[in-house]
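Student: Give the three-dimensional model of this entry:
(one chain, ligands or ions: 1)
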Amino acid sequence: MDIPVKIAAVDFQVPETVITNDDLTKIIDTSDEWIRTRTGIERRHVLSGNESAVQMGILAAKKVVAKSKIDVEKIDYIIAPASVETHAYPSTACEIQAAIGAVNAACFDITAACSGLIYAMGIGRAFIKSGMAKNILLVATDAVSRCLDWTDRASCVLFGDGSGAMMLTVAEDGQDDILAVDLKAEGHYGDFIKMPIPGKNCPLVEPNEQEKMFVKMDGKEVYKYVVTKLPVYIEECVEKSGLKMSEIDYLIPHQANLRIIEALEKRLEFNPDNVISNIQEYANTSAASIPIALTEAIRSGKVKLPATAILTGFGAGMTVGTTVVRLREGIA
Ligand code: ACO
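Tutor: Predicted coordinates for the structure are as follows:
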C-alpha cells in the first residue's frame, strides 16, 4: 500500500520565563556580544517551578488536535521524540495520551536528540503509508534547561526549552505532503554530544556518590560535522523527493547555531529570505526547534503557503534527519 500522507497541523508551546544573554552574565563569565556573534542567540525560554516538558507537550498537542479537527479518540499513535523526559517511564507519549484523552492511541518515545521530529515523521509516514494507522500525533518536547551544567559557559548558553507538535493523517485528496525522508546515524561520533544518565552500582558493592545529569558537548566537532555532512545529506534527500533544489521554496533547519544555518544557506545556494531562523528568541530547543520555527514562520508570513520545504535536523548520536515536504494552507 502507498497511502498518501497529509501534514494536517503544526504548533508549539514554550515557557513564559525568558532569560536574556545579559541575565546569564550574572552567573557565568560571558557576554551578550560573545553569545550573539558565535551563535545568533539573544534569549531563551526556560521552565520554572513545577512546569515540565510533558506539560508543554500536552499544551502543544491540544493545539494541533484542535487545529486538525481530528477526533482525539481517532488518534492511532502518539510518538514523542523526547530526550529529557520527566520520567524514564511512563513514557512522555503515555503521559500526553492520558492528559488529552487519546484513549485508542498506542504510545512510545524515541531518542534521536535534535533530529527527533524528523525521525518521528519518518516513522509516522511509514505507518500511514502502509495502512497501519490513519492519524498520528507527534510531540517533540524537551526541557534541556533541567540538564545543563549552569557553570559550564560553553554549553549552558546554547539551549532553551520548548515543545512542538504535528498531526499526520491520511490525505483524502491524494496529495502526498511528505515527498521524501532521509534518516542517518553515525554512532561512532557519539562522543560529540552526550548526556550521561546517573546510575551507579549498589553502594554495598562499591561506595559511590550519585552524579547529576548534564549535557556535555564538543561544540567544535559538532560544528565541523554538521557543515561538512549535512549539505550532502540534504542533497541526497532532495534527489529522493524527485524535486530539484531550485523547486524548493524554503529551508527550515534545526536551530542550533546561526553560523551553521548561514553555512547551509550558502552551500545550498538558498536565498537568505527563504531560510528560516528564530534561534535569536528560543536558542536550541532540541527536537522542538523545527516545529517551532515552522509554525512561527508561517504565522509571521515569512513562509507563504502553499509551499515546498526542506526540514532538516541534527543532533546527538550523531543523528541526522531530513525531509522534503509540501506545506498546505491552514496548517498553522
Ligand atoms: N562566553 C564567553 N566565552 C566563551 C563562552 C561563552 N559562553 N563559551 C566558550 N567561550 C570561550 C572558550 O572558553 C574559548 O576561550 P579560549 O580561547 O580562551 O580557550 C573561546 O570562547 C572559544 O571557544 P570555542 O569553543 O572555540 O568557540 P567556538 O567558536 O567553537 O564556538 C560553539 C562554540 C558556539 C559551541 C560552536 O562550536 C557551536 O555552535 N558548535 C555547534 C554546536 C551545536 O550545533 N550543537 C547542536 C547539537 S545539540 C544536541 O544535539 C543536543
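Student: Which helix or strand in the chain has the lowest average pLDDT?
Tutor: Ranked by mean pLDDT, DSSP states H and E, the weakest helix or strand in the chain is strand 216-217, scoring a mean of 92.
Student: what pairs with that one, and is each one parallel or antiparallel?
Tutor: Next to strand 216-217 in the sheet, as set by DSSP bridges, lie strand 193-194 (antiparallel).
Student: is any part of the strand it pairs with close to the ligand?
Tutor: Yes: counting by C-beta under 6 Å from any ligand atom, the ligand is contacted by strand 193-194 at residue 193. C-betas here are computed from N, CA, C, even on glycine.
Student: what does that strand contact?
Tutor: The contact list for strand 193-194 (C-beta atoms under 8 Å, 6 or more residues apart in numbering) reads 113, 215, 216, 217, 218, 222, 315, 316, 317, 318.
Student: how many other residues sit next to the closest residue to the last one other than its chain neighbours?
Tutor: By that I understand residue 318. Excluding the flanking residues, the one nearest residue 318 by C-beta to C-beta, 6 or more residues apart in numbering is residue 189, at 4.2 Å. The number of residues packed near residue 189 is 17, by other C-beta atoms under 10 Å.
Student: shouldn't residue 189 be in contact with residue 319?
Tutor: No: counting by C-beta atoms under 8 Å, residue 189 does not reach residue 319; the two are 9.6 Å apart.
Student: circling back to that earlier point, can you tell me which of the contacts of strand 193-194 lies nearest to the ligand?
Tutor: Using C-beta to the nearest ligand atom, residue 315 comes nearest to the ligand of the contacts of strand 193-194, at 2.9 Å.
Student: Tell me which residues touch that closest one, please.
Tutor: When contacts are counted by C-beta under 8 Å, 6+ apart, residue 315 is found next to 112, 113, 114, 115, 116, 193, 254, 256, 286, 287.
Student: mind running it again at 10 Å?
Tutor: Neighbour list for residue 315: 81, 83, 111-116, 118-119, 192-193, 222, 226, 254, 256, 284, 286-287, 289, 321 [criterion: C-beta atoms under 10 Å, 6 or more residues apart in numbering].
Student: how about the strands in the stretch 1-150 of the chain?
Tutor: Applying DSSP state E, counting those that start in this stretch to the stretch 1-150 of the chain gives strands spanning 5-13, 18-20, 43-45, 77-81, 106-110, 135-142.
Student: Tell me which of those strands is the most buried.
Tutor: When you average the neighbours per residue for each of these (mean count of other C-beta atoms under 10 Å), strand 135-142 leads with a mean of 32.
Student: Which neighbouring elements make contact with that strand?
Tutor: For strand 135-142, the elements it packs on are strand 5-13, helix 53-68, strand 77-81, helix 92-100, strand 106-110, helix 116-129, strand 162-170, helix 289-300, judged by 3 or more C-beta pairs under 10 Å, 6 or more residues apart in numbering; DSSP states H and E.
Student: Include distance to residue 29 when you put these into CSV, please.
Tutor: Output for those, formatted as CSV (distance: least, C-beta to C-beta, whole Å):
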stretch, distance to residue 29
strand 5-13, 32
helix 53-68, 29
strand 77-81, 34
helix 92-100, 35
strand 106-110, 36
helix 116-129, 32
strand 162-170, 27
helix 289-300, 27
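Student: Dump the ones you listed to a markdown table, plus mean pLDDT and distance to residue 248.
Tutor: Formatted as a markdown table, those follow (pLDDT from 0 to 100; distance: least, C-beta to C-beta, whole Å):
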| stretch | mean pLDDT | distance to residue 248 |
| --- | --- | --- |
| strand 5-13 | 98 | 15 |
| helix 53-68 | 98 | 24 |
| strand 77-81 | 98 | 24 |
| helix 92-100 | 97 | 31 |
| strand 106-110 | 97 | 26 |
| helix 116-129 | 98 | 16 |
| strand 162-170 | 98 | 19 |
| helix 289-300 | 98 | 14 |
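Student: Let's have these in a markdown table, adding distance to the ligand.
Tutor: Shown next, in a markdown table, are those (distance: least, C-beta to the nearest ligand atom, whole Å):
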| stretch | distance to the ligand |
| --- | --- |
| strand 5-13 | 18 |
| helix 53-68 | 14 |
| strand 77-81 | 12 |
| helix 92-100 | 16 |
| strand 106-110 | 14 |
| helix 116-129 | 9 |
| strand 162-170 | 13 |
| helix 289-300 | 10 |
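Student: So for residue 184, which of the ones you listed sits nearest?
Tutor: Among the helices and strands packed on strand 135-142, helix 116-129 comes nearest to residue 184, with 10.2 Å by C-beta to C-beta.
Student: Which of the helices and strands packed on strand 135-142 sits closest to residue 239?
Tutor: Shortest distance between residue 239 and those, using C-beta to C-beta, is found for helix 116-129: 16.7 Å.
Student: Residues of this structure that sit close to the ligand?
Tutor: 30, 34-35, 38-39, 113-114, 153-154, 157, 193, 219-220, 222-223, 256-257, 260, 284, 286, 315-316.
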